[in-house]
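Q: heads up, no residue letters with this:
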């Protein structure tokens, strides 16, 4: 295992209901990730805000703080004792 944090791969957001989006991803196998930071924005190019951090043993998160008729964009990054992935 490397000492570097690596970003999750194949991030897939799926709307579950008008007020919930289910995120799933693939965790990198050879990483030192201790957590996955999840950021959400209203534009793909900028304005992301930290939403939550989940354990690196998880590969999903349910965002239950969304509004109907609003598009959301997500970025995820790995977190380890040596820092963060890009």
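A: Arrived safely. Computed from a prediction, not measured in an experiment: that's the story for all the values here. Numbers count the residues shown, from 1 in each chain.
Q: What residues does residue 76 make contact with?
A: Contact partners of residue 76, counting by Cβ atoms under 8 Å, 6 or more residues apart in numbering, are 7, 8, 11, 23, 25, 36, 37, 38, 39. In this view, the C-beta of every residue, glycine as well, is placed from N, C-alpha and C.
Q: Identify the residue nearest it in space, chain neighbours excluded?
A: Take residue 76 and drop its neighbours on the chain: the residue closest to it by Cβ to Cβ, 6 or more residues apart in numbering is residue 8, 4.7 Å away.
Q: List only those of the contacts of residue 76 flagged as buried.
A: With neighbours counted by 16 or more other Cβ atoms under 10 Å, the contacts of residue 76 contain buried members at 7, 8, 23, 25, 36, 37, 38.
Q: mind giving me a markdown table with those and columns for pLDDT?
A: As requested, the buried ones among the contacts of residue 76 are arranged in a markdown table below (pLDDT from 0 to 100):
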| residue | pLDDT |
| --- | --- |
| 7 | 89 |
| 8 | 93 |
| 23 | 97 |
| 25 | 95 |
| 36 | 94 |
| 37 | 96 |
| 38 | 97 |
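Q: what's the helix or strand for the nearest residue to residue 31 once chain neighbours are set aside?
A: Distances taken as Cβ to Cβ, 6+ apart put residue 6 closest to residue 31, at 3.8 Å, once the chain neighbours are dropped. Taking DSSP states H and E as the definition, one finds residue 6 inside no helix or strand.
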